Structures are given as structure tokens and as C-alpha cells.
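A.B. asks: sequence first, predicted model second:
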Amino acid sequence: MNPHLVAAGFEPLENSHVEAVQTDYEWTRIIRAEDQDIGMIRLVKKNLPWHLRHLQILPEYQARGIGSAVLVDVLEQARNETAQIVLNVLKVNPARELYVRFGFDVVEDNDSAYKMVWCA
């Protein structure tokens, strides 16, 4: 995540980013592959719409379909509960293409990020 923050002009340890990482952990999962922790997903489900706060995969495990598989599982849960999912993704983050592929639409954008929504 830090390379994307730096590319977008943010300091990785700005207070707003530290605070965002330290809140809303009621639905956080560690992603494992090959007996190793290789990523994490954090989804805030306490209200509608759900907020996908983080979906991170270590670079050496990216482009293997792992993020897609995790996202498919989350979208199935949302579909079963008729929940929308909202996320923000930095414009410089190539994960935006993943979200578009899975049906997320850009509903807002600013200088550095897109707000995207997926509807069940």
C-alpha cells in the first residue's frame, strides 16, 4: 500500500492514514497461501452500505487470482444479504482494474482517489 500512497502524494504515516488503519476491525481476515500470511481484508459490515477498507496482497502473491477469489467470496456474502459495497481506491493503484472487472462503478472522484460502489 505504501508505494501507492507515495505515488498519490501522501505520506504513508499521516495521522489520517494511521487512524484509518486502527479502526473498524470487526470483520478483518488474514489471507493465507502456502502456509504463509500473504495479505488481509477488512470490511466494515455494521451498517449499509458495507465498506471495503482494505484488500491487500503481498506483491509476490499478486496476479495469481488470490485477490479475485477473496473478492468473489465477499461479493457472494453481500449478494446474500442484499448489501451494497463501497470502497475508495487511489487513482494510481492498479487494483482499480480488479474492482471494475467485478462490477464496481466509479461514483465520485477527486484528485487522488475514486469512490466505487458495487450493488447486489
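C.D. replies: Structure's in. What do you need?
A.B. asks: give me the three-state assignment for Glu60.
C.D. replies: helix (DSSP: H, G, I helix; E, B strand; the rest coil).
A.B. asks: from Arg42, how far out is it?
C.D. replies: Counting by Cβ to Cβ, to the nearest Å, the separation of Glu60 from Arg42 is 21 Å. Heads up, the C-betas are built off the backbone N, CA and C, glycines and all.
A.B. asks: residue with max distance from the center of this structure?
C.D. replies: Asp35 (22.6 Å; Cα atoms, centre = their mean).
A.B. asks: circling back: neighbour-wise, which of Glu60 and Arg42 wins?
C.D. replies: Arg42 (19 against 8; other Cβ atoms under 10 Å).
A.B. asks: the more buried one and Asp109, how far apart?
C.D. replies: For Arg42, the distance to Asp109 - Cβ to Cβ - is 22 Å.
A.B. asks: packing partners of the longest helix along the chain?
C.D. replies: Ranked by residue count under DSSP state H, the longest helix found in the chain is helix 66-80. If you count contacts as 3 or more Cβ pairs under 8 Å, 6 or more residues apart in numbering; DSSP states H and E, helix 66-80 packs onto strand 28-33, strand 36-44, strand 50-57, strand 85-90, helix 95-101.
A.B. asks: sounds good, over and out.
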